[in-house]
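*Asks:* I would like the atomic coordinates for the input below:
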Amino acid sequence: MASSDVEKHGDRKTVGSEPDARAALELLAQRDQQIAHLLHRIEQLEKMLYGPRSAKRTEPIDPSTLLPFPGIKDLLAQVAERAAQREREEAEKPAPQEPAPKPRGRRRLDESNIPPHIPRRRRDRKLAPEQCACGCGGRLHEVREEISSRIERVKVTYVDERVTTYYACRKCERVISTAPDQPNIVEGGILGPSLIADIIYQRFGNHTPYHRLAREFEQDGLPISRSVLCRTTLRCGEILLPIYEELKRQVLSSFLVQLDDTPVTVRNGRQKGQKTGRVWVYRSAEGDVVFDFRMDRSQEGPRRVLGEYRGFVQGDDYGGHHFLFRDNIDRISLLCWAHAVRKFRDADKSSPRLRKEFDVLFALLNKVELEARGLSPPERLLYRSRHARPILKEIEDWVEARRLTVLPKSPIGDAIEYLRTNWEALTNYLLDGRITDITNNAAERALRRVAVGRKNWVYVGIEEAGQPAAVLMSLLQTCVEHGVNAIEYLRDVLTRIGEPGSAKEIADLTPAAWKRSKAAQERAKLDRSAVAAAVQSLVFARS
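*Replies:* Here you go, the predicted model:
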């Protein structure tokens, strides 16, 4: 130690000046805070890699041991009474005449639930006449039949030859042909709509990279290269762009739009280097989904999509969303309660007691939401006003009391401050009974299509491919939301969108409208019958 800091007087040591000691303590405190912050970040990264994916609470909580305020006892009693009352009301209602709902979860595959459109091949196993002689000298005769079924699958690729006949007049030498044929989906290409629909689904539904698809076709003897697959899917994204624009219009006509984004890696073809792009998702309350590809995370992306939108916008507390509510008072911010819960779960190790206290309060709020889910919008609005507001007031009081006892920059301090600063946006769901979910989880589930896909195809090859891919992913995800068979849908709309006058029917080609259309369902039924006939003629005849 330097002589200026320590002076020896016999056996005594005197520490340097008091300001120097205070500065050293402040420096140590800053380093401790920085170390704690970095350790928390490491913990979160480890949780992302190795921890559970679900944000649901797994351990039971005893509210009687975690009562931050006396009013919680009354709220617990009210929630229990409401649950008991709803059970009594449900028991008094007459039994509905509707068919029983389908059981959730995986069904066991057996003969009873094989779809009728799947072709069947019957093979009778009978004894030859000379084998019907019995050892006793009599004759064997048929007593009964027993059918045992097994499911087989054969990938059938066939060439659809469309022969055009031309006719000529010997007198005037006029030449005519039969009825005009449908043009190919991609000009200059020979891939049919069924194969193209399967390629699109394999690429953006099952997240299969192009090189794996090309290898699969090569094993079947079809020399379809990666470049052909890429150009075909990108061209289909351009062809289906009018349906995408109509889908976007329907999303923006909803009273509520959920949004979120995720990064994707973008390469510049075969050149070196890569960039980070963003895929934004916009989901309506009715389940229509639109993806939008951008090369950055600036506010320009949401501005171009939601610039004229009026209604509720539900998302996270990303700073790039704030301009949406500064520029227009007709847009109302809804923040996601799941994000708030995650912040408290992330602070579990630093402050487990406060995290459990918040879990008790949120469990009460979530219980109200579960009970209100089956109500009509007016009933839900009234129910929340009566039962959710007291719980929210309790949470607000808890936040104001606990924020004075925690370090502002600690994980639990960040979680409490998130609630305090965003309280209005978190409680705006009380304004409209049509809002059924207080979280943004539905948009995050839709965005999972991109998150899972990029683990397989890794990057977007060129920047120009981003938006056509977003068009195809939008249609596929909307099919999932509405329970539409995506391959049948794509096969039909790829054929119809090229027909004359299809521009006037674009509104009927969105997944939801296609599902409601009886004509579309009849066409899908005919297509299934044609596929079954092709299988019977090409496979069964050869075996």
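*Asks:* how about the strands in this protein?
*Replies:* 7-9, 12-14, 166-168, 175-177, 256-267, 274-284, 289-294, 311-315, 331-335, 459-460 (DSSP state E).
*Asks:* figure out how far the shortest one is from the centre of its chain.
*Replies:* From the chain centre to the centre of strand 459-460 is a distance of 19 Å (C-alpha atoms, centre = their mean, to the nearest Å).
*Asks:* please apply the same query to the third one.
*Replies:* With C-alpha atoms, centre = their mean as the basis, strand 166-168 stands 54 Å off its chain's centre.
*Asks:* parallel or antiparallel, list what pairs with that strand.
*Replies:* Neighbouring strands of strand 166-168 in its sheet, by DSSP bridges, are strand 175-177 (antiparallel).
*Asks:* now the partner strand: mean pLDDT?
*Replies:* Mean pLDDT, strand 175-177: 76.
*Asks:* related to what we said a few turns ago, got CSV for the strands of the chain, with mean neighbour count and distance to Val159 too?
*Replies:* (C-beta placed from N, C-alpha, C; glycine too.) CSV is the format used below for the strands of the chain (neighbours: other C-beta atoms under 10 Å; distance: least, C-beta to C-beta, whole Å):
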stretch, mean neighbour count, distance to Val159
strand 7-9, 9, 99
strand 12-14, 9, 96
strand 166-168, 9, 21
strand 175-177, 9, 21
strand 256-267, 20, 35
strand 274-284, 21, 37
strand 289-294, 24, 35
strand 311-315, 22, 49
strand 331-335, 21, 53
strand 459-460, 18, 33
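*Asks:* so can I have a markdown table of those showing distance to Glu245?
*Replies:* Formatted as a markdown table, these follow (distance: least, C-beta to C-beta, whole Å):
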| stretch | distance to Glu245 |
| --- | --- |
| strand 7-9 | 81 |
| strand 12-14 | 80 |
| strand 166-168 | 40 |
| strand 175-177 | 36 |
| strand 256-267 | 16 |
| strand 274-284 | 13 |
| strand 289-294 | 9 |
| strand 311-315 | 19 |
| strand 331-335 | 22 |
| strand 459-460 | 21 |
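*Asks:* which residues does the residue nearest the centre of the chain contact?
*Replies:* Geometric centre of the chain, nearest residue: Ala446, 1.8 Å, by C-alpha atoms, centre = their mean. By C-beta atoms under 8 Å, 6 or more residues apart in numbering, the residues touching Ala446 are 281, 283, 289, 477, 481.
*Asks:* for Ser385, state which of the residues you listed is nearest.
*Replies:* Arg283 (26.5 Å; C-beta to C-beta).
*Asks:* report the beta-bridge partners for the closest one.
*Replies:* Here Arg283, judged by DSSP bridges, has bridge partners Gln258, Val289.
*Asks:* do I have it right that it meets Leu256?
*Replies:* No - here Arg283 does not reach Leu256: they are 9.0 Å apart, not a contact under C-beta atoms under 8 Å.
*Asks:* about what we covered before: of the contacts of Ala446, which is the nearest to Ala534?
*Replies:* Gln477 (29.6 Å).
*Asks:* count of neighbours near the closest one?
*Replies:* Using other C-beta atoms under 10 Å, Gln477 is surrounded by 27 other residues.
*Asks:* give me the spatial nearest neighbour of it, chain neighbours excluded.
*Replies:* Once flanking residues are discounted, Gln477 sits nearest to Val289: 4.4 Å by C-beta to C-beta, 6 or more residues apart in numbering.
*Asks:* go on, Arg297?
*Replies:* Nearest residue to Arg297 in three dimensions, chain neighbours excluded: Arg278, at 5.0 Å (C-beta to C-beta, 6+ apart).
*Asks:* need the CA coordinates for stretch 143-157. CSV is fine.
*Replies:* Provided in CSV are the C-alpha atoms of stretch 143-157 (Å, rounded to 0.1, in the frame of the first residue of the first chain):
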residue,chain,number,x,y,z
VAL,A,143,-69.3,-69.7,-42.4
ARG,A,144,-68.2,-66.1,-41.8
GLU,A,145,-65.8,-63.4,-42.9
GLU,A,146,-63.3,-61.6,-40.7
ILE,A,147,-61.7,-58.4,-42.0
SER,A,148,-58.3,-57.2,-40.7
SER,A,149,-57.1,-53.9,-41.9
ARG,A,150,-53.7,-52.2,-42.0
ILE,A,151,-52.8,-48.8,-43.3
GLU,A,152,-50.3,-48.5,-46.1
ARG,A,153,-48.9,-45.4,-47.7
VAL,A,154,-47.3,-45.1,-51.2
LYS,A,155,-46.2,-41.7,-52.5
VAL,A,156,-47.6,-41.6,-56.0
THR,A,157,-46.2,-39.2,-58.6
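*Asks:* now do that stretch: distance to the chain's middle.
*Replies:* On C-alpha atoms, centre = their mean, the centre of stretch 143-157 falls 36 Å from the chain's centre.
*Asks:* got the contact list for it?
*Replies:* 109, 111, 114, 195, 220, 222, 534-535, 538-539.
*Asks:* one more: stretch 281-291?
*Replies:* Outside stretch 281-291, the residues that touch it by C-beta under 8 Å, 6+ apart are 244, 247-248, 250-261, 279-280, 292, 305-306, 434-436, 442-443, 446-447, 450, 470-471, 473-474, 477-478, 481-482, 510, 512.
*Asks:* write the ChimeraX selection for whichever of the residues you listed are buried.
*Replies:* Buried residues among the contacts of stretch 281-291 (16 or more other C-beta atoms under 10 Å), as a ChimeraX selection:
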select :244,247,248,250,251,252,254,256,257,258,259,260,261,279,280,292,305,306,434,435,436,442,443,446,447,450,470,471,473,474,477,478,481,482,510,512
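*Asks:* from the contacts of stretch 281-291, which land in helices?
*Replies:* Mapping the contacts of stretch 281-291 onto helices (DSSP state H) picks out 244, 247-248, 250-252, 305-306, 442-443, 446-447, 450, 470-471, 473-474, 477-478, 481-482, 512.
*Asks:* could you save the contacts of Ala446 as JSON lines and add columns showing distance to Ile462?
*Replies:* Converted to JSON lines, the contacts of Ala446 look like this (distance: C-beta to C-beta, whole Å):
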{"residue": "Val281", "distance to Ile462": "22"}
{"residue": "Arg283", "distance to Ile462": "27"}
{"residue": "Val289", "distance to Ile462": "24"}
{"residue": "Gln477", "distance to Ile462": "23"}
{"residue": "Glu481", "distance to Ile462": "29"}
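*Asks:* what's the farthest-apart pair in those?
*Replies:* Greatest spacing in the contacts of Ala446, by C-beta to C-beta: Val281 and Glu481 (11.6 Å).
*Asks:* and the residue lying closest to Thr427 once chain neighbours are set aside, what does it touch?
*Replies:* Nearest residue to Thr427, sequence neighbours excluded (C-beta to C-beta, 6+ apart): Leu392, at 5.7 Å. Shown in contact with Leu392 (C-beta under 8 Å, 6+ apart): 365, 427, 430.
*Asks:* buried ones among those?
*Replies:* When the contacts of Leu392 are checked for burial by 16+ other C-beta under 10 Å, the buried set is 365, 427.
*Asks:* now the contacts of Leu392 in CSV, with distance to Lys349 and pLDDT?
*Replies:* Shown next, in CSV, are the contacts of Leu392 (distance: C-beta to C-beta, whole Å; pLDDT from 0 to 100):
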residue, distance to Lys349, pLDDT
Leu365, 24, 91
Thr427, 29, 95
Leu430, 33, 95
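*Asks:* from the contacts of Leu392, which is closest to Arg384?
*Replies:* Distance to Arg384, by C-beta to C-beta, is smallest for Leu430 among these, at 5.5 Å.
*Asks:* in contact with that closest one: list those residues for me.
*Replies:* 381, 384-385, 388-389, 392.
*Asks:* neighbour-wise, give me the winner out of these.
*Replies:* Neighbour counts for the contacts of Leu430 peak at Arg384, which has 26 neighbours (criterion: other C-beta under 10 Å).
*Asks:* excluding its backbone neighbours, what's nearest it?
*Replies:* Nearest non-adjacent residue to Arg384, counting by C-beta to C-beta, 6+ apart: Leu430, 5.5 Å away.
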